[in-house]
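A structural model of the following input is requested.
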Amino acid sequence: MTQAQLVPLLQSAVVFGTVILYGALGEILTEKSGNLNLGVPGVMYLGAIAGLAASFFYENSVAEPSGAVSLVLSFLAAFVAAALGGLIYCFLTTTLRANQNVTGLTLTIFGGGVANFYGGNLSTLAGGVGQISVSTTSLAYRTTIPALSGLTVAGFPIGTLLFGYGFLVYLAIAIAIAMHWFLKRTRKGLNLRAVGENPGTADAAGINVTRNKYLATCLGSGICGLGSLYFIMDYTKGTWSTDGTIEALGWLAVALVIFATWKPLNAIWGSYLFGLLYWMYMYIPNLTRSSMELFKMLPYVVTIAVLVVTSLRKKRENQPPAALGLPYFREER
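Model prediction:
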């Protein structure tokens, strides 16, 4: 593989890996509370359409839109909309005691339907399919530091690979590191893990199980929404995508949680590996269409292999929270 092929492949791996990383980090935080939210794709859909709508209406309401204002508006809209999706999930599963698997899948369908409906409406308002323009917001998300992104070492564009991305790439890594520290080193993080492992014991120790589940699920869903916002603003440059890519990346994020064995730091390199595997078929010559589809399966195949290996080794630190997906009724404690 030549340098001209390697650099774009690695850049694509980082871009797609960042979307997956946000989704996986949000789901790791959610699952640490014992909630198994299979609605990650739906939550990501909600974040994407909310962020796009906020920037679209802002840019079309002022003569000279500010990149900083549009960035803040879209960022907050995406986070809040995705967090509301998590709130719906938590209300149904924690308060109303609905089945977690069914609720999560329903949320995926609901989020995709709502997002595509309003995405179509935005396209109509903009003058047709593909005519949505939020160039100011998109540029703000894609802004890099020229002095760093232009660095080369022996002719290799190291600056492009390490610093040629918008701030959301580095924010995702920072969130992963902060989440690792929170779960391992803080009392609130240990309390959250206790809720996911044994909510009855945690409740008896005075830990508010319901509050921890709500906070972890809503905050985790908000983080998931930032991943789809990055996809819309950076990869598609501010246009709405109806090809199902957001949903596919959402499911990859769920798979990455298992691959990373519920550890935020593992999710960093795992996400970029998934991004690399997702796009590798583009750089292998003479592949048929069916062969391309087989290559797209690689992240899932790797996840299954990791799941089998960790199950056979039975190391407790590589297993999911013991109470994951199980309802907790305080009166049955």
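
what residues are up against Met282?
9, 12 (CB atoms under 8 Å, 6 or more residues apart in numbering). For glycine as for every other residue, the C-beta is placed from the backbone atoms N, C-alpha and C.

From Ser291, how far off is it?
Going from Met282 to Ser291 by CB to CB, to the nearest Å gives 12 Å.

Which parts of the stretch 201-333 of the chain are helices?
Assigned by DSSP state H, counting those that start in this stretch, the stretch 201-333 of the chain shows helices spanning 209-230, 245-259, 264-279, 289-296, 298-313.

Out of those, which gets nearest to Ala176?
helix 264-279 (4.4 Å; CB to CB).

now what about that closest one, what contacts it?
Applying CB under 8 Å, 6+ apart, the set of residues contacting helix 264-279 is 9-10, 12-18, 20-21, 24-25, 28, 173, 175-177, 179-180, 183, 252, 255-257, 259-260, 295-296, 298-299, 302.

Mind listing what's buried along it?
Neighbour-count burial for helix 264-279 flags 264, 266-268, 270-279 (criterion: 16 or more other CB atoms under 10 Å).

Just the CA atoms of it, as PDB, please.
Taking C-alpha atoms only, helix 264-279 is exported to PDB below (Å, rounded to 0.1, in the frame of the first residue of the first chain):
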ATOM      1  CA  PRO A 264     -13.100   3.300  28.300                       C
ATOM      2  CA  LEU A 265      -9.300   3.200  27.500                       C
ATOM      3  CA  ASN A 266      -9.700   0.000  25.400                       C
ATOM      4  CA  ALA A 267     -12.400   1.800  23.500                       C
ATOM      5  CA  ILE A 268     -10.000   4.400  22.200                       C
ATOM      6  CA  TRP A 269      -7.800   2.000  20.200                       C
ATOM      7  CA  GLY A 270     -10.600  -0.400  19.500                       C
ATOM      8  CA  SER A 271     -12.700   2.400  17.800                       C
ATOM      9  CA  TYR A 272      -9.800   3.200  15.400                       C
ATOM     10  CA  LEU A 273      -9.300  -0.400  14.700                       C
ATOM     11  CA  PHE A 274     -13.000  -0.700  13.900                       C
ATOM     12  CA  GLY A 275     -12.800   2.300  11.700                       C
ATOM     13  CA  LEU A 276      -9.800   0.800   9.900                       C
ATOM     14  CA  LEU A 277     -11.600  -2.500   9.300                       C
ATOM     15  CA  TYR A 278     -14.700  -0.700   8.200                       C
ATOM     16  CA  TRP A 279     -12.900   1.100   5.300                       C
END
